[in-house]
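Asks: what would the 3D arrangement of this be:
(one chain, ligands or ions: 2)
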Amino acid sequence: MTSPLVIKLGGRVLQSASNLERLLTTVQQLALLRPLVLVHGGGDQVESLLLQLGHTSLKVDGQRITPAVQMPIVAGVLAGDVNSQLVALAQQHQLNAVGLTLAAGHSIACDVDASRGAVGIPKPNDATLLQLLLDKNFLPILSSIGASDSGERLNVNADLAAAAVAQLLHADLILLTDVPGILDKNGDLIETILADQADVLIADGTVRDGMLVKLNAAVQAARASRRSIAVAGWQDAKALTRLARGEAAGTRIRL
Ligand SMILES: Nc1ncnc2c1ncn2[C@@H]1O[C@H](COP(=O)(O)OP(=O)(O)O)[C@@H](O)[C@H]1O
Ligand SMILES: CC(=O)N[C@@H](CCC(=O)OP(=O)(O)O)C(=O)O
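Replies: Ligands and ions are numbered 1, 2, ... in the order given. Now for the predicted structure:
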């Protein structure tokens, strides 16, 4: 079977109905060509509900500090609201979508990142369920909610989650975000980053916040799979199609 493609969607794309519609139309076309898995975030949606319910929330180096008491809200938004919305829209696009968390079938195991609270560090664990679904032509849509060995639900950054899923399935990985790719200090697109150069871009402050996690996730996936990883924008309707054809778009992170 052709190797699968994992596509990660940041939560922000769900806030634009027209962009989401275009994206799902492209996903529908790609699904005819190769097995696909979607992994999604929803950081903006988590933040907005936490604030509405009177919590404060802080991200450090692009990752949310998540007190365990906030997990019902975080899981409610990511595994509940955002996941079910994506599944419904994907099914409307004739995709045979199945909504899952990272913990489904023990697909992704998580260590607890205690310095951040109920935050998980994901690692590939068991590909049986996802492989079964792909073999039967289903489209798995995974939220970034995981579980620890001791049965605690964990908030996992969705870029790290997508990298772990790509490693699990020996898949290609495209991280779609709200900018055209990784930008340099002048705001121009960097077309290629060698994995060994990533630390310099982070240390000199060129790459920060959410993009810092994305770049680290891409480097980790590139090293583990010996494949190059793409970071590209969902605002550019053609980027995903070009990437799926093996053409250039956004930033490519390679060894
Ligand atoms: N060098 C950089 N190039 C592009 N974006 C950057 C860079 N450094 C920081 N960022 C920020 O990272 C954001 C993307 O990360 P994030 O907000 O986590 O998106 P997503 O929800 O898609 O994962 C951009 O919108 C931008 O504000
Ligand atoms: C630990 C951690 O940072 N979890 C993320 C999970 C969602 C996410 O990553 O969403 P985006 O892809 O839309 O940014 C969060 O709480 O925001």
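Asks: which parts of the stretch 1-150 of the chain are strands?
Replies: 5-9, 36-40, 59-60, 63-64, 97-100, 108-112, 120-124, 139-143, 145-147 (DSSP state E, counting those that start in this stretch).
Asks: between the ones you listed, which gets nearest to ligand 1?
Replies: Comparing the strands of the stretch 1-150 of the chain by their distance to ligand 1 (CB to the nearest ligand atom), the top pick is strand 5-9, with 7.6 Å. (C-beta placed from N, C-alpha, C; glycine too.)
Asks: ok, and what's touching the closest one?
Replies: When contacts are defined by CB atoms under 8 Å, 6 or more residues apart in numbering, strand 5-9 is touched by residues 23, 27, 30, 34-41, 86, 158-159, 161-162, 165-166, 169, 171-176, 234, 240, 244.
Asks: for PyMOL, write a command that selects the buried ones of those residues.
Replies: To isolate the buried subset of those in PyMOL, counting by 16 or more other CB atoms under 10 Å, use the following:
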select buried, resi 23+27+30+35+36+37+38+39+40+41+86+158+159+161+162+165+166+169+171+172+173+174+175+176+234+240+244
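Asks: could you list which of the contacts of strand 5-9 belong to helices?
Replies: Restricting the contacts of strand 5-9 to those inside helices, with DSSP state H as the criterion, leaves 23, 27, 30, 86, 158-159, 161-162, 165-166, 169, 240, 244.
Asks: I'd like the residues you listed as TSV, with distance to ligand 1 appended.
Replies: Formatted as TSV, the entries for the ones in helices among the contacts of strand 5-9 read as follows, by distance: CB to the nearest ligand atom, whole Å:
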residue	distance to ligand 1
Leu23	12
Val27	16
Leu30	19
Leu86	14
Ala158	6
Asp159	6
Ala161	11
Ala162	10
Val165	15
Ala166	15
Leu169	20
Leu240	14
Ala244	19
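Asks: can you add distance to His106 and pLDDT and give those back as TSV?
Replies: Rendered in TSV, the data for those read as follows (distance: CB to CB, whole Å; pLDDT from 0 to 100):
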residue	distance to His106	pLDDT
Leu23	29	94
Val27	26	95
Leu30	27	94
Leu86	22	97
Ala158	19	98
Asp159	21	98
Ala161	15	98
Ala162	18	98
Val165	13	98
Ala166	17	97
Leu169	14	97
Leu240	30	90
Ala244	29	83
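Asks: can you pull out the low-pLDDT segments for the stretch 151-255 of the chain?
Replies: By pLDDT under 70, the stretch 151-255 of the chain has no low-scoring segment.
Asks: can you list the residues of it near ligand 1?
Replies: Taking CB under 6 Å from any ligand atom, the part of the stretch 151-255 of the chain that reaches ligand 1 is made up of 159, 177-179, 182-183, 206-211, 214.
Asks: now do 5 Å
Replies: Within the stretch 151-255 of the chain, the positions near ligand 1 by CB under 5 Å from any ligand atom are Thr177, Asp178, Val179, Ile182, Leu183, Val207, Arg208, Asp209, Gly210, Met211.
Asks: now the second one: closest residue in space, sequence neighbours ignored.
Replies: Using CB to CB, 6 or more residues apart in numbering and skipping residues adjacent in sequence, the residue nearest Asp178 is Arg12, 4.8 Å away.
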